[in-house]
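Peer 1: Using only what follows, build the 3D model:
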Amino acid sequence: MSTPTDLERRVSEALSALADQVQPEHLSPRAAPAAPAWRRTPLLVMAAAASVVLALVLTLVIDQGDDRVAPAPQPDRSDVVVPPDVGRAWDRVADSGPARLDLDGDGADEKVSFLGEPSREYDGRVRLQTTLSGDGAEAYGVVDLGTTVGVDTLEPIDADGDGDEEMVLYYTDPTDPMTTLPMVLDLRDGVLVEAVPTDRELFRRGSLEVEGGTEHYDMVRVVDYWIEGGAMFSGVSRGSFASVGMSLFRPEEHIVDVVRWRLREDGALVPEPADPSCVVVTADGRRRACSPGEVDPLPDVAPVADERIAVGSSFSAGPDYLRYRAVLEPSSTAGADAELVVTVRSGDQLRLPLRTGSEPRVFTTAPFIATDGGFDGATFLVASEDGDEPGAMWVVAELGGRLVQLDPVGPLQPGTGYLDDGRAQRTWLTPRGGLFTAVADTADEAGPWELRSWVMVGDAQVTAVPRGTVCFTDPSDPGTARAC
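Peer 2: Below you'll find the predicted structure:
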């Protein structure tokens, strides 16, 4: 027989010591079941007890190296979650340099390194570790960011005003790739623990879905966070905006209600009113304090692009890569009022019979209805003219090498006239291609008017998404639109 190893000797000694403590009264069987298939005997109980003892001993004596789980210090508050001390032997996270901040408040920055848990998909946990400059003690943290490829850090904050700094990381929301989430880490008893926000909906960069959406679009409020002057802030747009796919229809500037995050003694982050509590996010991403009574600005609804051609006329348009020539010809198709003939850059001709029911017209400005990056095709606004003003309207697009009349979905369709309930509706086109429809709240056209713009949804459909509320000095002139 070979000489026992040191591990085997230690296991044997531990088993012998524990076995000496097992007495007959410890092995008394439990009450038998009413109709047992077998009877539990003291021998079986002893075998089970020995298995448990062996497992406990192996856990205690087997050396697990640098990656063993050390006892975690107890939190100073019951709602602070302290991570296990794991990952000492993990490799450094690629593409992530050390972070530098004053964790212990002694005026000197600590250097925090990041180690990644090995995993096939690079989606393991991340260990943070450092040596405190104040007393030379080690400190660590373990977080789950969904990836070990790069750790993104922001500038540190002092959310509790105690003189030391909290680390701020950010990562992509695993349930929504369009949303990023910050994570604040506070040093407590040598451990970097996550400070949990009491309102997670505010603690993000992305959007919050609100009421008012349909099957064709969502209504959302924009949420953002930022760090300024060593403090963390969050803002939520006061208005709600239509969202179709990855396209968000909001004004270039929008008003945001702001909170400041404070770290409580129990380790929670709580939102409190900020000063200023209202800011305007400008087109270049900057923020300024709101003016008294300020509201979200309207989209550019003027001037009006009203140039259009009749049967027998033509025009050329489009950028160089999409240059085309459009002609409105008499139709040879039964039941059609005209035929739109488009010659594309390749020389191919695309034809579409138009059934307008009256005098057909085609606008020379292309409506911009694209979402999610758009499509490489020409678009046209076709109208049925009533007197000197367009009435019913249709959007035509080049899709799949042919001209397609897009179906309007929802309660409206493009055009100028009156709804079944007597309310006025006006539709117009701007030089930048914005196709807008305004619907009066009352039959007397006094306003206010609900403003919408047309966008493409589905494969060959358009819908009108909300863009705000407007009032007109002259409802026939979109240039007189103003905030109500």
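Peer 1: Residue 476 and residue 424 touch, don't they?
Peer 2: No. Under the criterion of Cβ atoms under 8 Å, residue 476 is not in contact with residue 424, lying 9.9 Å apart. Using the backbone N, CA and C atoms, a C-beta is placed for each residue, glycine as well.
Peer 1: what residue ranges in the stretch 51-200 of the chain are flagged as low confidence?
Peer 2: 51-79 (pLDDT under 70).
Peer 1: More neighbours: residue 476 and residue 424, which one.
Peer 2: residue 424 (19 against 12; other Cβ atoms under 10 Å).
Peer 1: Got the domain ranges for this structure?
Peer 2: With domains defined by automatic domain parsing, the chain comprises 6-63, 69-197, 205-296, 308-483.
Peer 1: Give me the most central residue, this structure.
Peer 2: residue 179 (2.8 Å; Cα atoms, centre = their mean).
Peer 1: which SSE is the closest residue in space to that residue that isn't next to it in sequence in?
Peer 2: Leaving aside its chain neighbours, residue 179 sits nearest to residue 206 (3.2 Å; criterion: Cβ to Cβ, 6 or more residues apart in numbering). In this structure, residue 206 sits in strand 206-210 according to DSSP states H and E.
Peer 1: what comes up buried for that strand?
Peer 2: Across strand 206-210, burial judged by 16 or more other Cβ atoms under 10 Å covers 206-208.
Peer 1: Tell me which strands it pairs with, and in which orientation.
Peer 2: strand 218-228 (antiparallel) (DSSP bridges).
Peer 1: Would you mind writing the CA trace of the partner strand as PDB?
Peer 2: Provided in PDB are the C-alpha atoms of strand 218-228 (Å, rounded to 0.1, in the frame of the first residue of the first chain):
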ATOM      1  CA  ASP A 218     -44.600  54.000 -28.500                       C
ATOM      2  CA  MET A 219     -44.700  57.200 -26.400                       C
ATOM      3  CA  VAL A 220     -41.700  57.600 -24.200                       C
ATOM      4  CA  ARG A 221     -39.900  60.100 -21.900                       C
ATOM      5  CA  VAL A 222     -36.200  60.500 -22.200                       C
ATOM      6  CA  VAL A 223     -34.100  59.700 -19.200                       C
ATOM      7  CA  ASP A 224     -30.500  60.700 -18.700                       C
ATOM      8  CA  TYR A 225     -27.800  60.900 -16.000                       C
ATOM      9  CA  TRP A 226     -24.700  63.000 -15.700                       C
ATOM     10  CA  ILE A 227     -21.900  64.000 -13.200                       C
ATOM     11  CA  GLU A 228     -21.200  67.600 -12.500                       C
END
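Peer 1: before we move on, what SS does residue 479 have?
Peer 2: helix (DSSP: H, G, I helix; E, B strand; the rest coil).
Peer 1: I figured the residue nearest to residue 179 hits residue 175, correct?
Peer 2: No. In this structure residue 206 lies outside contact range of residue 175 using Cβ under 8 Å: 10.6 Å.
Peer 1: quick one, helices of this protein?
Peer 2: Assignment of helices within the chain using DSSP state H yields the ranges 6-19, 42-61.
Peer 1: Please give the number of neighbouring residues around residue 289.
Peer 2: Residue 289: 12 neighbours (other Cβ under 10 Å).
Peer 1: Residue numbering should commence at 31 henceforth.
Peer 2: Okay, residue one is now 31; in that scheme the one you just asked about reads as residue 319.
Peer 1: in the sheet, who's paired with it?
Peer 2: Beta-bridge partners of residue 319, counted by DSSP bridges, are residue 309.
Peer 1: Show the contacting residues for it.
Peer 2: 306, 308-310 (Cβ atoms under 8 Å, 6 or more residues apart in numbering).
Peer 1: any chance of the residues you listed in JSON lines, with distance to residue 355 too?
Peer 2: Listed next are those as JSON lines, based on distance: Cβ to Cβ, whole Å:
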{"residue": "306", "distance to residue 355": "54"}
{"residue": "308", "distance to residue 355": "51"}
{"residue": "309", "distance to residue 355": "49"}
{"residue": "310", "distance to residue 355": "44"}
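Peer 1: Buried among those? Need that as a selection in PyMOL.
Peer 2: A single PyMOL command selects the buried members of the contacts of residue 319 (16+ other Cβ under 10 Å):
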select buried, resi 308+309+310
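Peer 1: Could you single out the nearest of the contacts of residue 319 to residue 182?
Peer 2: Closest approach to residue 182 among the contacts of residue 319 (Cβ to Cβ): residue 309, at 24.4 Å.
Peer 1: What distance do you get for the nearest residue to residue 400 once chain neighbours are set aside to residue 177?
Peer 2: In space, and not counting its chain neighbours, residue 400 is closest to residue 486: 6.1 Å by Cβ to Cβ, 6+ apart. Applying Cβ to Cβ, to the nearest Å, the value for residue 486 to residue 177 is 34 Å.
Peer 1: For these two, indicate the residue with more neighbours.
Peer 2: residue 486 (25 against 19).
Peer 1: need the contact list for the more buried one.
Peer 2: By Cβ under 8 Å, 6+ apart, the neighbours of residue 486 are 399-401, 405, 427, 436, 492.
Peer 1: Now, of the residues you listed, which are buried?
Peer 2: Using 16+ other Cβ under 10 Å, the buried members of the contacts of residue 486 are 399-401, 427, 436, 492.
Peer 1: Out of those, which comes closest to residue 287?
Peer 2: For those, the nearest to residue 287 is residue 401 (27.7 Å; Cβ to Cβ).
Peer 1: these two touch, right, the closest one and residue 278?
Peer 2: No. If you go by Cβ under 8 Å, residue 401 and residue 278 don't touch, sitting 9.8 Å apart.
Peer 1: what sits opposite residue 237 in the beta ladder?
Peer 2: residue 252.
Peer 1: Just want to check the distance between it and residue 503.
Peer 2: For residue 237, the distance to residue 503 - Cβ to Cβ - is 34 Å.
Peer 1: And for residue 262?
Peer 2: 44 Å.
Peer 1: So which of the two has more stuff around it?
Peer 2: Remark: of residue 262 and residue 503, residue 262 carries more neighbours, 26 against 10, as counted by other Cβ under 10 Å.
Peer 1: Export the buried residues of strand 236-240 as a markdown table, with columns for pLDDT.
Peer 2: Putting those into a markdown table (pLDDT from 0 to 100) gives the following:
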| residue | pLDDT |
| --- | --- |
| 236 | 96 |
| 237 | 96 |
| 238 | 95 |
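Peer 1: Closest one of those to residue 130?
Peer 2: Using Cβ to Cβ, those come closest to residue 130 at residue 236, 28.7 Å.
Peer 1: do you know which of the domains of the chain lies nearest residue 332?
Peer 2: Proximity to residue 332 (Cβ to Cβ) singles out domain 338-513 among the domains of the chain, at 3.9 Å.
Peer 1: mean confidence score for that closest one?
Peer 2: In this model, domain 338-513 carries a mean pLDDT of 92.
Peer 1: and if you look at stretch 295-312?
Peer 2: 97.
Peer 1: So what's the residue count around residue 288?
Peer 2: Residue 288: 21 neighbours (other Cβ under 10 Å).
Peer 1: actually residue 230, not the one I typed
Peer 2: The burial count for residue 230: 10, using other Cβ under 10 Å.
Peer 1: For it, give its distance to residue 448.
Peer 2: For residue 230, the distance to residue 448 equals 47 Å [Cβ to Cβ].
Peer 1: Please apply the same query to residue 273.
Peer 2: Going from residue 273 to residue 448 by Cβ to Cβ gives 30 Å.
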